[in-house]
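Trainee: Make a model of this:
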Amino acid sequence: MNILFISRATLYEVKGGDTIQIIKTAEELKKLGVNVDIVLTNTRNINYSQYDLVHFFNLIRPSDIIYHIDQCKLPFVVSSIYLLYDDFENNDSVKSLKNLILKPLNAAQREYVKVIARSIINKERIVSLKYIFWGHKKSIQYILNKTSLLLPNSENEYRRLKKDFHQALAYRVIPNAADPTFFNCTQEDIGKKQENMVMCVGRIEGRKNQLNIIRALKNTNYQLYLVGKAAPNHQQYLADCKREAGDNVHFLDFIDKQTLKDLYLKSKVHILPSWFETTGLSTLEALFCGCNVVITKYGDTLDYFKSKNTFICEPDNPASILESIKLASAFENKIEYFAEELKAFCWSNTGLQTYKAYQNVLQIEKIKPIKN
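Mentor: Here you go, the predicted model:
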């Protein structure tokens, strides 16, 4: 089986959860005997004929996908990673010039404006003229109408797509994951955690909401470690975070994998109070390293985090964030509390479920009549 992965042009330059998802899924598929190539959406002159199927990522970037759909003439699946920014961009507590500009627009119009802006500011070329003429929502609809199978990361993500586009779609849930062979702990490790140590691992940007964590922990005894880089368009947000941070806030731009694990093992709490998360891969890693986790109520996190050591906060409320951190810091964790997550949300299972999805699509394609 030969599979082509196609994802956004900035996949490696501006790393995110999708970067990890793509790399780890490809690794697991290769273990199952599948040949996988990863190319970026700005790649041209692809020999599509050497592949059985194309796997696209990030449905919210339809301008990146349409060109290749029209060129490849192959069956394809889509990992939707269907993020919504409405709660973040509509909230009055989030003050930025970008949000003031976008607030009067509906969700599809906002995404269209952002795509045009990225093409001008970041030189992310719009490769399909169809997107320019159709707009954002019609372009996504075009992709959904042609896809052989949709691969959301959760049932809730699928329900959101079904609601927004008013149609039932063929789908298979492919869970996001972490690597429990590396990110792991013993009960003894859990007993050694530092109760005043709090981590947040994620790209520094408004959606991830690091500024409100800083505000919540101001003038407290907690030591906050923010691990992640700011994307090119979020340098002002990073500056705002640093300006508001006290001596108890530590910014770690980049750390290697082993150092990251060591920090997880020391930290009693990991928090990701995002305005929206489909999963929160760093929260899974932290969970597997024995951290008590604080999550957002927005998005699909409740499909993943159901263990006793999970606490939910209100992203727009620093007092709620602080209260959740206090509860998580005081909670006595045990490995058995997150045993189900360890089994369900590992990359080997993600790879296996993806492989089964491909088998299903290719078997269906075999019995379809050939179109002239």
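Trainee: residues in contact with whichever helix or strand residue 26 is part of?
Mentor: Element membership of residue 26 [criterion: DSSP states H and E] is helix 17-31. Helix 17-31 has contacts (CB atoms under 8 Å, 6 or more residues apart in numbering) with 3, 5, 7-8, 11-12, 36, 38, 57-58, 79, 81, 176-177, 179, 278-281, 347-348, 350-352, 354-355. C-beta: built from backbone N, CA, C; applies to glycine.
Trainee: Show me which parts of that helix are buried, residue by residue.
Mentor: Buried residues in helix 17-31, counted by 16 or more other CB atoms under 10 Å: 17-22, 24-26, 28-29.
Trainee: ok, back up a step: now that we have the contacts of helix 17-31, which of them are buried?
Mentor: Judged by 16+ other CB under 10 Å, buried ones among the contacts of helix 17-31: 3, 5, 7-8, 11, 36, 38, 57-58, 79, 81, 176-177, 179, 278-281, 347-348, 350-352, 354-355.
Trainee: Next step: those restricted to strands.
Mentor: The strands, defined by DSSP state E, take in 3, 5, 7, 36, 38, 57, 79 from the buried ones among the contacts of helix 17-31.
Trainee: Adding pLDDT and distance to residue 265, write those out as CSV.
Mentor: Formatted as CSV, those follow (pLDDT from 0 to 100; distance: CB to CB, whole Å):
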residue, pLDDT, distance to residue 265
3, 97, 36
5, 97, 32
7, 93, 31
36, 97, 32
38, 96, 31
57, 96, 31
79, 97, 31
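Trainee: Residue 222 touches residue 196, doesn't it?
Mentor: Yes. Using CB atoms under 8 Å, residue 222 makes contact with residue 196 at a distance of 5.2 Å.
Trainee: Find the residues that touch each one of the two.
Mentor: Counting by CB under 8 Å, 6+ apart, the contacts common to residue 222 and residue 196 are residue 329.
Trainee: ok, those two, which is more surrounded?
Mentor: residue 222 (20 against 17; other CB atoms under 10 Å).
Trainee: how much space between the more buried one and residue 283?
Mentor: Using CB to CB, to the nearest Å, residue 222 is found at 18 Å from residue 283.
Trainee: now swap in residue 60 and tell me
Mentor: Counting by CB to CB - residue 60 and residue 283 are separated by 21 Å.
Trainee: ok, now residue 77?
Mentor: According to CB to CB, residue 77 stands 26 Å off from residue 283.
Trainee: Equivalent analysis for residue 244, please.
Mentor: Taking CB to CB, one finds residue 244 at 23 Å from residue 283.
Trainee: With neighbour numbers in mind, choose between these two.
Mentor: residue 283 (27 against 14).
Trainee: where does the more buried one fall, phi/psi-wise?
Mentor: Backbone torsions of residue 283, given as degrees, to the nearest 10, read phi -70, psi -40.
Trainee: How is this structure divided into domains?
Mentor: What automatic domain parsing lists as the domains of the chain is 2-177+346-367, 187-344.
Trainee: between the ones you listed, which gets the lowest average pLDDT?
Mentor: Lowest mean pLDDT of these: domain 2-177+346-367, a mean of 85.
Trainee: Would you mind finding the most buried of the domains of the chain?
Mentor: For the domains of the chain, the largest average neighbour count (mean count of other CB atoms under 10 Å) is found in domain 187-344, namely a mean of 19.
Trainee: how far out from the middle of the chain is that domain?
Mentor: Domain 187-344 sits 15 Å away from the centroid of its parent chain (CA atoms, centre = their mean, to the nearest Å).
Trainee: Quote the end-to-end distance of that domain.
Mentor: 20 Å (CA to CA, to the nearest Å).
Trainee: same deal with stretch 247-263?
Mentor: Note: stretch 247-263 ends 18 Å apart using CA to CA.
Trainee: Likewise for stretch 248-261?
Mentor: OK, stretch 248-261 end separation, CA to CA: 21 Å.
Trainee: Thank you kindly, that will do.
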